[in-house]
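Engineer: got a predicted model here, sequence first, then my questions.
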Amino acid sequence: MQLKKLSIRPIKILSFLVAIAYPIAVFFALRHGFSVRMFGLVLVCFVLIALTRHKNIWMGLCGIILACLAMISDCEIFLKLYPVLMNALVCAAFTVSLWNVPLIQRFGEKMKYKMDGAAKLYARRATIAWAIFMAINTGISFVTVFMSDWIWTLYNGLISYCLIGIMIVGEYIVRRGGINANK
């Protein structure tokens, strides 16, 4: 059983790194004569391998659909839409969770936080903040699809990640100042 866990971890790490580096990979592939069709084919192969080890089928299916559309049309716009779809899926996850148990509350409970009334209210508000943030991020990411490759790559490969990092740090600072005694 231990050997199986060790074999899954490198694929998960590689998948994460490829997802993070995706905009930069697209930029360099297109700049250095790598065809859209070839990039789409490589992407489909990679996503299929990743799907054998991941439980998140929606992100994988979106990647495969966009890669296939890119291969069929030979149009780079479908490669550029991948970050838009990923942001939209994360936004949807935060938003839909508000009708049941907010995602931030689920994260807190997995980390063994005691979720009293104040903590649950905070988790709901933080989930709303994340949903709004991801909606804005999705919108900006979509607009960059129609801009230059450089601007698209800069936003989706750097600025977006920095903004997410700022949001994480900000949320952590607010949480530590408000409900840190509830652990």
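Structural biologist: Arrived safely, thanks for sending. As the structure is a computational prediction, the values presented were derived from the model and not from experiment. Numbering: from 1, shown residues only.
Engineer: just give the closest residue to the residue most central in space within the chain, not the sequence neighbours.
Structural biologist: Centroid-nearest residue in the chain: Met86, 4.9 Å away (criterion: C-alpha atoms, centre = their mean). Nearest residue to Met86 in three dimensions, chain neighbours excluded: Met59, at 6.3 Å (C-beta to C-beta, 6 or more residues apart in numbering). Where C-beta positions appear, they are placed from N, C-alpha and C, glycine not excepted.
Engineer: and what of Leu43?
Structural biologist: Ala67 (4.1 Å).
Engineer: helices or strands up against the helix or strand encompassing the one you found?
Structural biologist: In this assignment (DSSP states H and E), Ala67 forms part of helix 57-73. Helix 57-73 makes packing contacts with helix 36-51, helix 77-80, helix 82-97 when contacts are defined by 3 or more C-beta pairs under 8 Å, 6 or more residues apart in numbering; DSSP states H and E.
Engineer: wait, doesn't the residue nearest to Leu43 sit right on Val36?
Structural biologist: No - counting by C-beta atoms under 8 Å, Ala67 stays clear of Val36, with 9.7 Å between them.
Engineer: comparing those two, which residue is more hemmed in?
Structural biologist: Between Ala67 and Val36, counted using other C-beta atoms under 10 Å, Ala67 has the larger neighbour count: 25 against 20.
Engineer: contacting residues for the more buried one?
Structural biologist: Residues in contact with Ala67, defined by C-beta atoms under 8 Å, 6 or more residues apart in numbering, are Gly40, Leu41, Leu43, Val44, Val47, Phe78, Leu79.
Engineer: show me the domain layout of the chain.
Structural biologist: 1-79, 81-183 (automatic domain parsing).
Engineer: which one of these has the lowest average pLDDT?
Structural biologist: Ranked by mean pLDDT, these bottom out at domain 1-79, with a mean of 78.
Engineer: before we move on, back to that, list just the nearest of the contacts of Ala67 to His32.
Structural biologist: Closest approach to His32 among the contacts of Ala67 (C-beta to C-beta): Leu79, at 14.4 Å.
Engineer: Met71 is in contact with that closest one, correct?
Structural biologist: No - the criterion here is C-beta under 8 Å, and Leu79 misses it with Met71 at 10.0 Å.
Engineer: got any residues that touch both of these two?
Structural biologist: Contacts common to Leu79 and Met71, judged by C-beta under 8 Å, 6+ apart, are Val36, Gly40.
Engineer: circling back to that earlier point, surely the residue nearest to the centre of the chain and Gly60 touch.
Structural biologist: No - counting by C-beta under 8 Å, Met86 sits too far from Gly60 to count as a contact (10.9 Å).
Engineer: ok so, going back, so how many other residues sit close to the residue nearest to Met86?
Structural biologist: Neighbourhood size, Met59 [other C-beta under 10 Å]: 19.
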